[in-house]
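J.: heads up, no residue letters with this:
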């Protein structure tokens, strides 16, 4: 047991949909009477349905997690994967003590540093420097320990110019940079990272993965990593678990887990592209995301039909300059193409406050591989800020294309960066 860093024992989490508590005083009194006075099991644990968000359901009670049992050894990097709504973030929130489990217990050895969403633990009115000290104090470190790490944190985050500026003026990417840097450098025994790295740019994602590798392999610390980016999961993690409808459907080496997920993802019912959104800026309200007129997450293309039309509808609270980006990965999660007219032209379109529609057509080059691909969608101010990220927005099946050769990225005149 001495080498076990975290142990999850029969962890379950139940919610009542749309409500706090059990709605009625009689239900609350019944729960209190049964559990506190009679010392019996909570009667509401016997009802409820699994967390399949694609089905209407007959009960107001839902199990976000059900009977989760596994161990993580010291120095191990565990990748937790699965579709949106599978229970990944709930599991990490329970570990980070943001919420409590309905049943079960988690045994963890050492300090836990968590990065669960953009701005976690940051006070918007405090400067970056003040937030570093506040976060360090919450983790149980004294001022001298934090000061010793301060320069390293700021340098890694790349926000030296703004370190004495209130974080409410930071972009989402800057907040993620600083938040991750604080979590990784203040010497936690356990580092917990959710999908927030998807908001960072490619350079920072690579730095973050390298830092997590150093933390786990070099310093012997434990990392739990949730991501929809299978390439990042495979590069970083040693073991993996797949969550489906709040339960563990597979566990094994990271390669075995990813292969199982990719080979079975068509059997996993995902209702719409919109439900794959992992991050959305507070000033954007997204109503729908359609590809080729459909919200279906699977698209088939061939040499006669190689055009993808993307439509994003919503409402904007303030004027923004916006560019749509699409990044394509092959089955091994190697980037093969990047569509970004904003990067190519250096210009972004101005979207006015109020209802908006963004329509963009992507014509795939005729040298894309046959096979299966995955497309990430983003709305950005190129090189500055992410407004919307949809990892694995659609799964592409291509047929009749020539085999991809070479390794040179080039822009064509439509802003398509592709392998030549």
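T.: Everything's here; your move. All figures in this text were calculated on a predicted structure; none of them were measured in a lab.
J.: Quick one: the helices in the stretch 201-350 of the chain, in order.
T.: Residue ranges of the helices in the stretch 201-350 of the chain, as given by DSSP state H, counting those that start in this stretch, are 202-213, 230-236, 254-264, 341-345.
J.: In the stretch 51-200 of the chain, where is pLDDT below threshold?
T.: 51-60, 117-120, 196-200 (pLDDT under 70).
J.: need the helices for it, in chain order.
T.: For the stretch 51-200 of the chain, the helices defined by DSSP H, counting those that start in this stretch cover 88-95, 128-138, 143-157, 172-185.
J.: which helices and strands does the longest one pack with?
T.: Think helix 143-157. Here helix 143-157 touches helix 128-138, helix 172-185, going by 3 or more Cβ pairs under 8 Å, 6 or more residues apart in numbering; DSSP states H and E. Quick note: C-beta positions are derived from backbone N, CA and C, even for glycine.
J.: Most tightly packed of those helices?
T.: Of all the helices and strands packed on helix 143-157, helix 172-185 has the most neighbours on average by mean count of other Cβ atoms under 10 Å, namely a mean of 25.
J.: same for it, what does it pack against?
T.: Looks like helix 172-185 contacts strand 112-115, helix 128-138, helix 143-157, strand 190-193, helix 202-213, strand 385-399 (3+ Cβ pairs under 8 Å, 6+ apart).
J.: Take the ones you listed and lay them out in a markdown table including distance to residue 39.
T.: Shown next, in a markdown table, are the helices and strands packed on helix 172-185 (distance: least, Cβ to Cβ, whole Å):
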| stretch | distance to residue 39 |
| --- | --- |
| strand 112-115 | 31 |
| helix 128-138 | 35 |
| helix 143-157 | 44 |
| strand 190-193 | 33 |
| helix 202-213 | 44 |
| strand 385-399 | 46 |
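J.: Quick check: can you list the domain ranges of the protein?
T.: 4-110+189-265, 274-419 (automatic domain parsing).
J.: got CSV for the ones you listed, with distance to residue 128 and mean neighbour count too?
T.: Listed next are those as CSV, based on distance: least, Cβ to Cβ, whole Å; neighbours: other Cβ atoms under 10 Å:
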stretch, distance to residue 128, mean neighbour count
domain 4-110+189-265, 16, 18
domain 274-419, 17, 17
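J.: how about those, which one is nearest residue 174?
T.: In terms of Cβ to Cβ, the element of those nearest to residue 174 is domain 274-419, at 8.5 Å.
J.: and the domains of the chain as a markdown table, adding distance to residue 149?
T.: Output for the domains of the chain, formatted as a markdown table (distance: least, Cβ to Cβ, whole Å):
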| stretch | distance to residue 149 |
| --- | --- |
| domain 4-110+189-265 | 13 |
| domain 274-419 | 27 |
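J.: Quick one: closest of the ones you listed to residue 169.
T.: Residue 169 sits nearest to domain 274-419 of all the domains of the chain, at 12.1 Å, using Cβ to Cβ.
J.: any idea of the mean pLDDT in the closest one?
T.: For domain 274-419, mean pLDDT is 75.
J.: For residue 160, which of the domains of the chain is the nearest?
T.: Checking those against residue 160 by Cβ to Cβ gives domain 4-110+189-265 as the closest, at 14.6 Å.
J.: I'd like the distance from that closest one to the chain centre, please.
T.: Mean-position distance between domain 4-110+189-265 and its chain equals 13 Å (Cα atoms, centre = their mean, to the nearest Å).
J.: One more: stretch 292-308?
T.: Put simply, stretch 292-308 sits 25 Å off its chain's centre (Cα atoms, centre = their mean).
J.: With stretch 301-318 instead?
T.: Computed by Cα atoms, centre = their mean, the chain-centroid distance of stretch 301-318 equals 22 Å.
J.: and the end-to-end length of it?
T.: 37 Å (Cα to Cα, to the nearest Å).
J.: do stretch 112-121 as well
T.: Stretch 112-121 has an end-to-end distance of 13 Å (Cα to Cα).
J.: What of stretch 259-275?
T.: Terminal residues of stretch 259-275 are spaced 23 Å apart (Cα to Cα).
J.: and what of stretch 121-139?
T.: 11 Å.
J.: And stretch 238-248, by the same measure?
T.: End-to-end for stretch 238-248, by Cα to Cα: 17 Å.
J.: OK, contacts around residue 329?
T.: Contact partners of residue 329, counting by Cβ atoms under 8 Å, 6 or more residues apart in numbering, are 230, 231, 335, 336, 373, 374, 375, 376.
J.: how far away is it from residue 373?
T.: 6 Å (Cβ to Cβ, to the nearest Å).
J.: shared neighbours of these two, anything?
T.: Common contacts of residue 329 and residue 373, defined by Cβ under 8 Å, 6+ apart, comprise residue 336.
J.: which residues sit in contact with residue 292?
T.: Contacts of residue 292 (Cβ under 8 Å, 6+ apart): 299, 307, 308, 309.
J.: with the residues you listed in mind, which one is nearest to residue 150?
T.: residue 308 (46.2 Å).
J.: now the helices of the stretch 51-200 of the chain as a markdown table including distance to residue 67?
T.: Shown next, in a markdown table, are the helices of the stretch 51-200 of the chain (distance: least, Cβ to Cβ, whole Å):
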| stretch | distance to residue 67 |
| --- | --- |
| helix 88-95 | 12 |
| helix 128-138 | 31 |
| helix 143-157 | 39 |
| helix 172-185 | 29 |
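J.: Those: which one's closest to residue 274?
T.: Of all the helices of the stretch 51-200 of the chain, it is helix 88-95 that lies closest to residue 274, at 17.5 Å by Cβ to Cβ.
J.: name the helices or strands packed onto that closest one?
T.: Against helix 88-95 (3+ Cβ pairs under 8 Å, 6+ apart) you get strand 4-16, strand 61-73, strand 77-81, strand 103-108, strand 112-115, strand 222-226.
J.: can you tell which of the helices of the stretch 201-350 of the chain is closest to residue 175?
T.: Across the helices of the stretch 201-350 of the chain, closest to residue 175 is helix 202-213 (Cβ to Cβ), at 11.7 Å.
J.: angle of the closest one against helix 172-185?
T.: Calculated by axes from the mean of the first three to the mean of the last three Cα atoms, to 10 degrees, helix 202-213 forms an angle of 10 degrees with helix 172-185.
J.: what packs against helix 202-213?
T.: Going by 3+ Cβ pairs under 8 Å, 6+ apart, helix 202-213 lies up against helix 172-185, strand 190-193, helix 230-236.
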